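Colleague: Let me see the structure of the following:
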Amino acid sequence: MYEVKSSTQVKEYHLDDAAIQWYALSNAITLDKAYIIYINNQYVRQGELDVNELFTIVDVTDEVLQRQKDIPANLSKMQTILQGDEPDIDIGPHCFDPFECDFLEYCWKDVPEFSVFRLYWMNGTKKFELYHQGIITYEDIKKNNIQCNATQKLQIDTYLNQTVHIDKEKIEKFLEKIRYPISFLDFETFQEAIPRFDGQRPYQQLPFQYSLHILYEDGTLKHKEFLADENEDPRPELAKRLLQDIAPNGTIVAFNKSFEIRVIKELSVHLPQFQKQLLSLIDRFEDLIEPFRNLGYYHPDFHGSFSIKSVLPAMFPEDDELDYKKLGSVQNGGDAMEIFARLHLLKDKAKRDEFRKDLLVYCRLDTLAMVRIYERLREVI
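Modeller: Purely as a prediction, here's the structure:
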């Protein structure tokens, strides 16, 4: 018996899956071995797909047999639960283990928007400990003198006082590093379990798109973009176009720059013909998340998150042009990744063109958002 998984290692719940399959099948079939097959993410495709290298097969017979004795009792317990009333079980870490529960919205409906679960970088176990002690709201945390770090304290204080925290010195320190022309850059990437292109690993993040807004000192703003052909390896053309489009000097701004830098480094390894030019871009990067993460600017509606999806609506709450929820089929990076990965399978050209248009609109907003955030920070000081 072979249980096939799309993961890159054997996980505990995989063994439970295999055990219940064995239990179900063994009434009709004589089984002697159980295996789990998973993806080898170190495999690099070169030429024809080598399925022997792509997959790893592990014998889990002993683990599966050990679990057989518990299955009848577990099934009986499940039947009893299904026949009874709704279980009276409070929220806890089990809501996310091993996956997020389908009933999360129902069970968490009474948890307030501004709660202990929103606190920046607080250990998950600690959050549930406070919750079960009745310390749930920011008011509860303040009243009970719960120890908080600087960011958590700022979260609570700005919410309770309904204020926006601005530290002009920290913002100015960041802005002093920026040089015109400013290239605001954002990549979108996709990944596949089965690599389609030479030099691609399973689940490797391949860049397929970028948006680039270039802001000049006189206020001129130019936009350039690239979206790859979904049927070809996107990397060579993307790198070539990026080097043509990006300003030859000045600062490159990204939001959480480590992602963009990693993409550029991987491109430089895969494309030695562009390596020197690509690597020369790295020292020009500055990170727009810096003044927020350093608490130069904090709005209570950030909810302890400094992602652009949290910062933007808090800073521009009434601006339809900057509202990701007003976009079409692509409203976040996950949407972009999933849609492009499947685009080559879509036979309907009209639908394919619609998706490509939505991808361009979404990625454009990512860099326009950075421009508007940068301009707002300049206004602040």
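Colleague: quick one, phi psi at the residue nearest to residue 124 when sequence neighbours are not counted?
Modeller: Residue nearest to residue 124 in three dimensions, not counting chain neighbours: residue 93, with 6.5 Å by C-beta to C-beta, 6 or more residues apart in numbering. Just so you know, the C-beta spots here come from the backbone N, C-alpha and C atoms, and that holds for glycine as well. Recorded main-chain torsions at residue 93 are phi -60, psi -30, according to degrees, to the nearest 10.
Colleague: Show me the helices in the stretch 51-200 of the chain, by range?
Modeller: Applying DSSP state H, counting those that start in this stretch to the stretch 51-200 of the chain gives helices spanning 51-54, 61-67, 71-83, 104-107, 124-132, 138-143, 150-161, 168-175.
Colleague: Could I get the average pLDDT for the last one?
Modeller: So that's helix 168-175. Across helix 168-175, the average pLDDT comes to 98.
Colleague: The fourth one now?
Modeller: Model confidence over helix 104-107 averages 96 on the pLDDT scale.
Colleague: packing partners for that helix?
Modeller: Helices and strands touching helix 104-107, as assessed by 3 or more C-beta pairs under 8 Å, 6 or more residues apart in numbering; DSSP states H and E, are absent.
Colleague: Dump the C-alpha coordinates for that helix into CSV.
Modeller: Taking Å, rounded to 0.1, in the frame of the first residue of the first chain, the C-alpha atoms of helix 104-107 are listed here in CSV:
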residue,chain,number,x,y,z
LEU,A,104,-12.8,28.6,13.2
GLU,A,105,-15.1,31.5,12.3
TYR,A,106,-18.0,30.0,14.2
CYS,A,107,-16.0,29.1,17.4
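Colleague: quick one: secondary structure of residue 17?
Modeller: Classification of residue 17 by DSSP: H, G, I helix; E, B strand; the rest coil places it in helix.
Colleague: what sits against it?
Modeller: Going by C-beta atoms under 8 Å, 6 or more residues apart in numbering, residue 17 touches residue 3.
Colleague: One more: residue 155?
Modeller: Residue 155 touches 118-120, 138, 298, 300, 302-304, counting by C-beta under 8 Å, 6+ apart.
Colleague: buried stuff in whichever helix in the chain runs longest?
Modeller: Determined from DSSP state H, the single longest helix within the chain is helix 349-380. Across helix 349-380, burial judged by 16 or more other C-beta atoms under 10 Å covers 352, 355-356, 358-360, 362-374, 377, 380.
Colleague: chain center to that helix, what's the gap?
Modeller: Remark: helix 349-380 is offset 17 Å from the chain centroid, using C-alpha atoms, centre = their mean, to the nearest Å.
Colleague: Mind giving me the packing neighbours of it?
Modeller: Counting by 3+ C-beta pairs under 8 Å, 6+ apart, the packing neighbours recorded for helix 349-380 are helix 168-175, strand 182-190, strand 206-215, strand 221-227, strand 252-254, helix 308-315, helix 333-343.
Colleague: Among those, which comes closest to residue 157?
Modeller: helix 308-315 (15.9 Å; C-beta to C-beta).
Colleague: residues of that closest one that come out buried?
Modeller: Neighbour counts over helix 308-315 (16+ other C-beta under 10 Å) mark 308, 310-315 as buried.
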